[in-house]
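Undergrad: quick one: sequence and predicted model below, then my questions.
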Amino acid sequence: MAFEFEKPAAWTFDAGQFIDMTLLKPGETDAEGDTRGFSIASAPFEDTLMIATRMRNTAFKRVLKTLPLGSQVKIEGPFGDLRLHNNVARPAVIVSGGIGITPFRSILMQAVNEKRTHRIFFFYANRRPEDAVFMDDMRTLARESATFTFVPTMTEMDKSHRPWDGERGRIDKQMLTKYLAGITSAIYYVTGPPGMVMGLRTVLKASGVDSDDIRTEEFTGY
């Protein structure tokens with residue numbers, strides 16, 4: 001679920017960064033507290049500040065979901081250095097699962113808006129199309145930019161009621177080499193659940209990718 005807020009006056013951030021958000025005087029709370037970290041899903045050029053999260057039955061998310069329009073929250077940040085590299089000669093390969101897409105929506109929207117010339121590949125894994133967020137945004141970017149390739153894949157289509165003609169299965173070396181001319185020439189950005197991040201790091205290192213060219217961020221959910 002996505003939430004949009006008015007961007008604070010004179011407040012700036014870089015695509016890919018995150019914030020800490022605190023609910024003010026929430027109607028309920030629990031042991032996990034009233035503050036959470038969220039990647040910024042909106043791009044710097046957009047008018048609003050957007051976050052997105054999987055909804056779980058926690059006090060924080062119950063309150064967040066029911067906030068009336070015009071409610072105020074406390075924001076600290078931005079933090080983090082998950083940014084697109086500057087060397088346009090090296091392709092960027094983004095590998096993400098589920099809600100791990102959030103910082104990359106910001107990065108990709110900004111890169112296309114600025115007409116950056118990086119060759120960018122985005123491999124995006126979900127269980128089913130019903131679970132995938134920002135798919136329309138990514139498909140629009142792929143149509144608008146000749147340097148951006150979007151590769152969504154589904155791992156549990158047997159549990160879906162929607163048609164799907166894209167890739168199926170987990171992102172592995174075979175899928176990467178199907179689209180990449182040289183697997184070791186790119187810089188990789190990997191986000192998602194800890195198990196997915198660890199598994200892909202292992203696959204990339206075994207394929208000859210230098211550790212310094214693998215940038216990761218884990219999304220544990222709460």
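TA: That came in fine, so what should we check first?
Undergrad: packing partners for the worst-scoring helix or strand of the chain on mean pLDDT?
TA: Ranked by mean pLDDT, DSSP states H and E, the weakest helix or strand in the chain is strand 214-218, scoring a mean of 89. Judged by 3 or more C-beta pairs under 8 Å, 6 or more residues apart in numbering; DSSP states H and E, strand 214-218 is in contact with strand 187-192, helix 194-206. Every C-beta, even on glycine, is put in place using the N, C-alpha and C of the backbone.
Undergrad: now residue 134, nearest residue through space, not along the chain?
TA: residue 105 (5.0 Å; C-beta to C-beta, 6 or more residues apart in numbering).
Undergrad: that neighbour should be in a helix, yeah?
TA: Yes - assessed with DSSP: H, G, I helix; E, B strand; the rest coil, residue 105 lies in a helix.
Undergrad: count the neighbours of it for me.
TA: When neighbours are defined as other C-beta atoms under 10 Å, residue 105 has 26 of them.
Undergrad: could you chop the chain up by domain?
TA: 2-79, 92-218 (automatic domain parsing).
Undergrad: where does the chain dip in pLDDT?
TA: For the chain, the stretches flagged by pLDDT under 70 are 220-222.
Undergrad: and the residue nearest the centre of it?
TA: With distances taken as C-alpha atoms, centre = their mean, residue 101 lies nearest the centre of the chain, 1.9 Å away.
Undergrad: check contacts around the closest residue to that one other than its chain neighbours.
TA: Once flanking residues are discounted, residue 101 sits nearest to residue 134: 5.6 Å by C-beta to C-beta, 6+ apart. With contacts defined as C-beta atoms under 8 Å, 6 or more residues apart in numbering, residue 134 is in contact with 41, 52, 101, 105.
Undergrad: cool, residue 23 as well?
TA: When contacts are counted by C-beta under 8 Å, 6+ apart, residue 23 touches 34, 35, 60, 63, 64, 73, 74.
Undergrad: only whichever of those residues are buried, select them in PyMOL.
TA: Per 16 or more other C-beta atoms under 10 Å, the buried members of the contacts of residue 23 correspond to this PyMOL selection:
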select buried, resi 34+60+63+64+73
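Undergrad: picking that back up, just checking, the residue nearest to the centre of the chain touches residue 133?
TA: Yes - counting by C-beta atoms under 8 Å, residue 101 does reach residue 133; the two are 6.1 Å apart.
Undergrad: how about the helices in this protein?
TA: With DSSP state H, the ranges of helices along the chain come out as 59-65, 102-113, 135-144, 173-179, 194-206.
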